[in-house]
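Participant: build me a model from this:
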Amino acid sequence: MKKLSFAIIIALFSIGVTACTNSAGTNTGTNASTNTGANTNINAGANTSVDNKITIEKAKEIALKHAGLTNAQVSFIRAERDIDDGIDKFDVEFNYNGKEYDYEISAIDGKIIKYDHEIEYANSQNNVA
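Facilitator: Predicted coordinates for the structure are as follows:
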């Protein structure tokens, strides 16, 4: 009798663990119809949210590549993370050859939100005595 009770308890526990594991995989944002196993779904959901963020170094790299410049060619003024109007982004500014480059880069996917460049010393050349 004890063996039968023990076997029933083990079976119920296994069913409960399986049910919890499957529901955790569904809650991670993966498609339930393509469920290939609880561990795959949990890991895929966790990695997606972590891997989407980029680093400040990656943001600098994206800005430099867009400008067609290298790290050795520029002098960085500022590179910092900011949240502006609910948008998680990096503000990257650097100088090259008398121009100041300004970039806003999404911290989520690395897309360039906004950029511009301007001549640094334009006003000092236009002063007439």
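Participant: got the contact list for Asp102?
Facilitator: Asp91, Val92, Glu93, Lys114, Tyr115, Asp116, His117 (CB atoms under 8 Å, 6 or more residues apart in numbering). (C-beta placed from N, C-alpha, C; glycine too.)
Participant: what do you get if the cut-off is 6 Å, keeping everything else the same?
Facilitator: Neighbouring residues of Asp102 by CB atoms under 6 Å, 6 or more residues apart in numbering: Glu93, Asp116.
Participant: in the helix or strand containing it, what's buried?
Facilitator: Under the criterion of DSSP states H and E, Asp102 resides in strand 99-106. Applying a neighbour-count criterion of 16 or more other CB atoms under 10 Å, the buried positions in strand 99-106 are Glu100, Tyr101, Asp102, Tyr103, Glu104, Ile105, Ser106.
Participant: can you redo those as a markdown table with pLDDT?
Facilitator: Shown next, in a markdown table, are these (pLDDT from 0 to 100):
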| residue | pLDDT |
| --- | --- |
| Glu100 | 96 |
| Tyr101 | 97 |
| Asp102 | 97 |
| Tyr103 | 97 |
| Glu104 | 97 |
| Ile105 | 98 |
| Ser106 | 96 |
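Participant: for Ala59, pull up the helix or strand it's in.
Facilitator: Judged by DSSP H and E, Ala59 forms part of helix 56-67.
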